[in-house]
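Student: here's my sequence, what's the structure:
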Amino acid sequence: MVIAGWGARYQEPLYLVSNLASLQRAGDGSRKRRHLETFFSDQKSRGFQLDRSHLSDPERVHRLMFAAGLAYVWVIYLGTLAQEDDWLPVIHRSNRCDLSLFQLGLRRLDDRLNHDRPIPRSFALEPETVR
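Tutor: Predicted coordinates:
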């Protein structure tokens, strides 16, 4: 199945090729895939560089992935703080933001480390956001 969509705010159409029979399922899968690809690139080339670890022992890879998962959540939290605390003009351009929460968090962490500022080391979910 080939799907083409052209939103009013885009200059060119978006094409999606899928082996799924349902238009709805193909669209849902595409949206999920975009989030997963962002996560994997944050773990690899645009973030933690896990693909360069050269680990082959499954137990060591498991421990590395577990630690990276915890660090990922913390860095996302730092990115959220960067948005809420109006840090974007300090760590990124002020006219628009095209960075993920992960990239914002890394930039905020880098800024804090390079300017000897305190780093949030813990966080908690607000009671109304816990499901």
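
Student: check what pLDDT residue 36 gets.
Tutor: We have a pLDDT of 65 for residue 36.

Student: name the residues of the helix or strand containing residue 109 that are buried.
Tutor: Per DSSP states H and E, residue 109 falls inside helix 101-114. For helix 101-114, a neighbour-count test (16 or more other Cβ atoms under 10 Å) marks 101, 102, 103, 104, 105, 106, 107, 108, 109, 112 as buried. The C-beta positions use only the backbone N, C-alpha and C, and glycine is treated the same way.

Student: ok, stretch 46-55 next?
Tutor: 47, 48, 50.

Student: ends of that stretch, what's the gap?
Tutor: One end of stretch 46-55 to the other measures 19 Å (Cα to Cα, to the nearest Å).

Student: off-centre distance for stretch 5-12?
Tutor: The chain centre lies 24 Å from the centre of stretch 5-12; the measure is Cα atoms, centre = their mean, to the nearest Å.

Student: start to end distance for that stretch?
Tutor: 9 Å.

Student: going forward, count from 36.
Tutor: Noted, 36 is the first residue going forward, which turns the last one into stretch 40-47.

Student: same question for it, mean pLDDT?
Tutor: Rounded mean pLDDT across stretch 40-47 is 81.

Student: for it, buried residues please.
Tutor: For stretch 40-47, using 16+ other Cβ under 10 Å, no residue counts as buried.

Student: returning to that earlier point: closest to residue 41 out of the buried residues of stretch 81-90?
Tutor: Residue 41 has its nearest neighbour among the buried residues of stretch 81-90 in residue 82, at 32.3 Å by Cβ to Cβ.

Student: hmm, back to that, quick one: mean pLDDT for the helix holding residue 144?
Tutor: 87.

Student: likewise for stretch 122-133?
Tutor: 67.

Student: centroid residue for this structure?
Tutor: residue 137 (4.6 Å; Cα atoms, centre = their mean).

Student: thinking it is in contact with residue 78, fair?
Tutor: No: judged on Cβ atoms under 8 Å, residue 137 makes no contact with residue 78 at a distance of 9.4 Å.

Student: mutual contacts of the two, please.
Tutor: residue 107 (Cβ atoms under 8 Å, 6 or more residues apart in numbering).
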